[in-house]
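A.B. asks: Need coordinates for the following:
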Amino acid sequence: MGGQQMRLLLFSGGLDSSALAFWKRPDVCLTIDYGQRPARGEIAAAVAICSELSLRHEILAVDLRALGSGSMSGKKASEFANAEEWWPYRNQMLITLAGMRFVSEGLKEIMIGAVRTDVHADGKPLFLRGIDRVMSVQEGSVRVSAPARPLHPLKLMLSSGFPASLLGLTFSCHVMEYPCGQCRGCEKHIQTMTALKNRTTN
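C.D. replies: Numbering: from 1, shown residues only. Sure, this is the predicted structure:
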């Protein structure tokens, strides 16, 4: 990127981040394997979608399994969890790792796929304002944004214009390399896909 200002999207290959990738066309999409159980599925989806959208894709592997909890790590859910997949300080960790990896390449903005229905504190406005401030006052002055935070997942998919032909490439499971069909991630994926199908057939 040289002296340019790089815009990065934290990309899991799920519906929300895929819609953001198509909508915002970031300079780089970063998928982080931090030891989560569905990492291979996320990477496969992200690679396929970025290839279709002609977006630069990078993978960063940092093994943090020892620090995880809940269904994404295969451990008992924490007493602090609002949902079974909660991993302590996950978005803070992902944002920090993205900053560490790309600040020397001109990184100026990190986008995350938070939406209106997020139940975890690190997907809500108070956290998002705080982490934006924390990152921006440090070297590099990197900003953090969540462009889809005011939107319901269905509204995001519709307003982004994400191609229906690529929906099958997305991946949202929290516990396996392939969709389990039962976790909260898969349930949300099924609900959103069903709603999209109903809109096209009615």
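A.B. asks: can we go C-alpha only for contacts and neighbour counts from here?
C.D. replies: Noted.
A.B. asks: ok, residues contacting stretch 104-113?
C.D. replies: Contact partners of stretch 104-113, identified using Cα atoms under 8 Å, 6 or more residues apart in numbering, comprise 1-11, 16-17, 20, 95, 98-99, 140-149.
A.B. asks: give me that answer again for 6 Å
C.D. replies: Residues from elsewhere that reach stretch 104-113 (Cα atoms under 6 Å, 6 or more residues apart in numbering): 5-10, 16-17, 142-146.
A.B. asks: Just the buried positions in that stretch, please.
C.D. replies: G106, L107, K108, E109, I110, M111, I112, G113 (16 or more other Cα atoms under 10 Å).
A.B. asks: which residues of this protein fall in strands?
C.D. replies: Ranges of strands within the chain are 6-10, 28-33, 57-61, 107-111, 143-145, based on DSSP state E.
A.B. asks: Let me have those in CSV, extended by mean pLDDT.
C.D. replies: Shown next, in CSV, are those (pLDDT from 0 to 100):
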stretch, mean pLDDT
strand 6-10, 98
strand 28-33, 98
strand 57-61, 98
strand 107-111, 98
strand 143-145, 98
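A.B. asks: Dump those strands into CSV; add distance to C183 as well.
C.D. replies: Formatted as CSV, the strands of the chain follow (distance: least, Cα to Cα, whole Å):
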stretch, distance to C183
strand 6-10, 21
strand 28-33, 19
strand 57-61, 24
strand 107-111, 25
strand 143-145, 27
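A.B. asks: Compare the ones you listed and report which one is nearest to T194.
C.D. replies: For T194, the closest of the strands of the chain is strand 6-10, at 25.4 Å, according to Cα to Cα.
A.B. asks: packing partners for that closest one?
C.D. replies: Counting by 3 or more Cα pairs under 6 Å, 6 or more residues apart in numbering; DSSP states H and E, the packing neighbours recorded for strand 6-10 are strand 28-33, strand 107-111.
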